[in-house]
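K.L.:
next input, structure requested:
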Amino acid sequence: MGLAACRRAQRLSVPSPLAGIGDKLDLTATAQSRRRSSQCMKQEAVPIGNRLLEQEAKLDNQFAGLAVNEESLRKSVRRLP
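P.N.:
Numbering: from 1, shown residues only. All right, here's what the predicted structure looks like:
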């Protein structure tokens, strides 16, 4: 699920371009809290996503090089975030 879809799912009322001027817009405490939650989720999700992509690329390379066996596949899958 993309970040925009995530924001919609949480009914966040603050689009990202407005996040920096929230105080000037007199956002409610709820809207400000939701904005902060969205920022925290993004900070946590991006590194996990990057690790997942790196692990997936390694696994793809193993398959492409016909270097996959049961044990190497188990190890690769266990390393996935």
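K.L.:
contacts and neighbour counts: CA atoms only from here.
P.N.:
OK.
K.L.:
biggest helix in the chain, by residue count?
P.N.:
Counting by DSSP state H, the longest helix found in the chain is helix 29-64.
K.L.:
could I get the average pLDDT for it?
P.N.:
Mean per-residue pLDDT for helix 29-64: 83.
K.L.:
buried ones in that helix, by neighbour count?
P.N.:
Of all the residues in helix 29-64, those buried under the rule 16 or more other C-alpha atoms under 10 Å are Ala31, Gln32, Arg34, Arg35, Ser38, Gln55, Leu59, Gln62.
K.L.:
between helix 29-64 and whichever helix or strand Arg74 is part of, find me the angle.
P.N.:
Assigned by DSSP states H and E, Arg74 falls within helix 70-78. Angle of helix 70-78 versus helix 29-64, following axes from the mean of the first three to the mean of the last three C-alpha atoms, to 10 degrees, is 170 degrees.
K.L.:
CA atoms of helix 70-78 as PDB?
P.N.:
Output in PDB follows, covering the C-alpha atoms of helix 70-78 (Å, rounded to 0.1, in the frame of the first residue of the first chain):
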ATOM      1  CA  GLU A  70      16.900 -25.800  -0.400                       C
ATOM      2  CA  GLU A  71      19.200 -24.600   2.300                       C
ATOM      3  CA  SER A  72      20.200 -21.400   0.600                       C
ATOM      4  CA  LEU A  73      16.600 -20.700  -0.100                       C
ATOM      5  CA  ARG A  74      15.700 -21.200   3.600                       C
ATOM      6  CA  LYS A  75      18.500 -18.900   4.700                       C
ATOM      7  CA  SER A  76      17.400 -16.200   2.200                       C
ATOM      8  CA  VAL A  77      13.800 -16.300   3.300                       C
ATOM      9  CA  ARG A  78      14.700 -16.200   7.000                       C
END
